[in-house]
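S.K.: I'll drop the sequence and a predicted model, then ask my questions.
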Amino acid sequence: MNISGELIAFFILSVSAIGGAVFMMNLTRVMHMALALAFTFFSIAGVFILLDAPFLAVTQILIYTGAVSILMIFGIMLTKHKDEENPPSFDIKKLWSLIGVGAFFAVVLWIIYQSPFFTSEETVTDFSVKMLGKSIFQQYMIPFEVTSILLLVALIGAAVLAKREEKRK
Amino acid sequence: MDIWVILGPVIMLFLVLGFVTYAILFERKVIGWIQNRVGPTQVGPWGLLQTVADVLKLLIKEDIIPRKADVGLFKLAPVLAFIPAFAVIAVIPFTESIKFADIAVGLLYYMSISSITIIGVLLGGWASNNKYSLLGGMRSAAQMVSYEIPLVLSVVGVIMSAGSLNLTEIVHAQQTGAWFIFPQFLGFIVFLIASIAELNRTPFDLPEAESELVAGYHTEYTGFRFAFFMLTEYTYIFGMASLITILYLGGWDAPFGLTFIPPLIWFILKFSLFVFFLFWLRATMPRIRGDQLMEFAWKGLLPLAIFNIFLTAILKEVSFLSHYF
């Protein structure tokens, strides 16, 4: 294996991504967690750049910075400044969630190993935004529309649920 | 490796610092002129060294960190706010040859990187552990997230007309057709208003409303860290002025065939026009009310920006207009 700049960058970015996620789990204050999460997302954006997908990387940053700032605002509004999460205690509920998550992980891993990958590598260097637009709005038009309808349903559902809660008070 | 890869950004940093220094002086002079005053005159000839003295004062001030503040985040916040402000300049082409990175998604890069600053501002407001700072940070985040949407949607018209996200390509499209301020006038207005809101300038300077919030998110900041927040703000003016020049005013393109004036001068002239416009607005407009702010973004600018996209799509198909769209 030859050591190139790309490999070193990949290692730094992936360590940052995993490190951010680990910190996110272990930190006790909401704002610190949100910042760690942002760190993970930006590292993943860096990985996308290494994979010759600048559009995806930029979109990742654009969407997740907004998401993280909203998360921070909710963190500020719903918690006290000095609020800290108690260190997790182990009980039977946790054990069940562990089994559930483990089973899910096993299923995902099994699917990944089952699915056939293309034998030849696709060329990604001469990618352009135009090609992306064409494939989304021509070839994959229906999945795109279905996804957007799904998101719209989720949005309206969230608004309706929040409204109902308000009435009950 | 080319020596310019290292030297270029350093020169750019000093250029930006020089711009910020004299933009502040220019702002005070212009506002003084509008309000029938003279502005700073004491330090140096014509007050030229006033900002330099101010910055020097900030640098030698005591660095105060509140005891109850979250020290790590308090120190991190100005850094997190400034780095994106400088990083966005990387994709801006000043002329055909003077540019740093010519990436295919330059416009989107600007929009996405500049949104990272919101996190820095919010963190600064929260880490200060001060009610005014927190309110200022929250206001700032709410305002910047809301106005980012019309900002991004208003440039879709430009992207559709130019057929590219690359800023150099967008200028080339204007050299062959018309400057986008004419065919994209509606988009230009939306972009102009949203960009002023993104810059937190008057009339959208609610996050720093001194009559209600002391100083907003940087109430607890002193000395060098405060200087960094100010530097961030003025660096964004540099970035936004460059961006609006490129997107709507034809970049370095010379109007009326006046090509004997070099392209860089044209760029600086158009750039200065926007900077002057900002200062002019600050001297003449009152601050918008808090409840009007959000309504204006969601009910006013957003529908207009979406309407602009539809209009561009339709006019692109009209045969005698398609040259301009």
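M.R.: The structure has been received and is ready for your questions.
S.K.: can you list the domains in the chain?
M.R.: Going with chain A. Taking automatic domain parsing as the reference, chain A has its domains at A:1-85, A:125-169.
S.K.: my question was about chain B, not that one.
M.R.: B:1-60, B:61-315.
S.K.: so who does whatever residue of chain A ends up closest to chain B touch?
M.R.: Per CB to the nearest CB, A:Leu62 is where chain A lies closest to chain B, at 3.7 Å. Backbone N, C-alpha and C define where each C-beta goes, glycine included. Shown in contact with A:Leu62 (CB atoms under 8 Å, 6 or more residues apart in numbering or on different chains): B:Leu108, B:Met111, B:Ser112, B:Ser115, B:Val152.
S.K.: now with 7 Å?
M.R.: Taking CB atoms under 7 Å, 6 or more residues apart in numbering or on different chains, we find A:Leu62 in contact with B:Leu108, B:Met111, B:Ser112, B:Ser115.
S.K.: list the residues that contact the second one.
M.R.: Okay, so that is B:Met111. Contacts of B:Met111 by CB under 7 Å, 6+ apart are A:Leu62, B:Val152.
S.K.: immediately after the helix or strand where it lies, which helix or strand?
M.R.: Assigned by DSSP states H and E, B:Met111 belongs to helix B:106-114. Using DSSP H and E, the next helix or strand after helix B:106-114 towards the C-terminus is helix B:116-127.
S.K.: that older thread, check the domains of chain B for me and report the most buried one.
M.R.: For these, the largest average neighbour count (mean count of other CB atoms under 10 Å in any protein chain shown) is found in domain B:61-315, namely a mean of 19.
S.K.: point out where the chain drops to low pLDDT.
M.R.: Just going to use chain A. Within chain A, the segments meeting pLDDT under 70 span A:1-2, A:81-90, A:117-127, A:165-169.
S.K.: ah, I was thinking of chain B
M.R.: B:1, B:209-211, B:321-325.
S.K.: quick check, the residue in it closest to chain A?
M.R.: Closest point on chain B to chain A, by CB to the nearest CB, is B:Ser112, at 3.7 Å.
S.K.: any idea how far B:Thr284 is from the residue nearest to that residue when sequence neighbours are not counted?
M.R.: Spatial nearest neighbour of B:Ser112, excluding adjacent residues (CB to CB, 6 or more residues apart in numbering or on different chains): A:Leu62 at 3.7 Å. According to CB to CB, to the nearest Å, A:Leu62 and B:Thr284 sit 34 Å apart.
S.K.: what about B:Pro303, which helix or strand?
M.R.: helix B:302-315.
S.K.: contacts only, for the residue positioned nearest the centre of chain A.
M.R.: Centroid-nearest residue in chain A: A:Phe41, 6.8 Å away (criterion: CA atoms, centre = their mean). By CB under 7 Å, 6+ apart, A:Phe41 lies in contact with A:Gln60, A:Tyr64.
S.K.: run the chain-centre distance for the helix or strand hosting it.
M.R.: Assessed by DSSP H and E, A:Phe41 sits inside helix A:30-50. In this view, helix A:30-50 has its centroid 9 Å away from the chain centroid, taken as CA atoms, centre = their mean, to the nearest Å.
S.K.: equivalent analysis for stretch A:156-167, please.
M.R.: Worked out by CA atoms, centre = their mean, stretch A:156-167 lies 25 Å from the chain centre.
S.K.: one step back: how about the helix holding A:Phe41 as CSV, C-alpha atoms only?
M.R.: Output of helix A:30-50 as CSV, limited to C-alpha atoms (Å, rounded to 0.1, in the frame of the first residue of the first chain):
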residue,chain,number,x,y,z
VAL,A,30,-26.2,19.8,24.9
MET,A,31,-24.2,22.5,23.1
HIS,A,32,-21.0,20.5,23.3
MET,A,33,-22.8,17.5,21.8
ALA,A,34,-24.2,19.6,18.9
LEU,A,35,-20.8,21.0,18.2
ALA,A,36,-19.3,17.5,18.1
LEU,A,37,-22.1,16.4,15.8
ALA,A,38,-21.3,19.4,13.4
PHE,A,39,-17.6,18.3,13.5
THR,A,40,-18.7,14.8,12.3
PHE,A,41,-20.8,16.2,9.5
PHE,A,42,-18.0,18.5,8.3
SER,A,43,-15.5,15.6,8.3
ILE,A,44,-17.9,13.5,6.2
ALA,A,45,-18.2,16.5,3.8
GLY,A,46,-14.4,16.3,3.5
VAL,A,47,-14.6,12.6,2.6
PHE,A,48,-17.0,13.5,-0.2
ILE,A,49,-14.5,16.0,-1.6
LEU,A,50,-11.9,13.2,-1.6
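S.K.: could you pull out the helices for the chain?
M.R.: Since you didn't name a chain, this refers to chain A. A:5-26, A:30-50, A:54-78, A:92-114, A:129-134, A:141-168 (DSSP state H).
S.K.: the chain in question should be chain B.
M.R.: Going by DSSP H, chain B shows helices at B:3-34, B:50-60, B:71-87, B:106-114, B:116-127, B:131-154, B:156-162, B:167-176, B:185-198, B:210-213, B:223-248, B:263-284, B:290-295, B:302-315.
S.K.: what's the angle between the longest one and helix B:50-60?
M.R.: Right, the one you point to is helix B:3-34. In terms of direction (axes from the mean of the first three to the mean of the last three CA atoms, to 10 degrees), helix B:3-34 departs from helix B:50-60 by 110 degrees.
S.K.: check which helices and strands helix B:3-34 sits against.
M.R.: helix B:50-60, helix B:223-248, helix B:263-284 (3 or more CB pairs under 7 Å, 6 or more residues apart in numbering or on different chains; DSSP states H and E).
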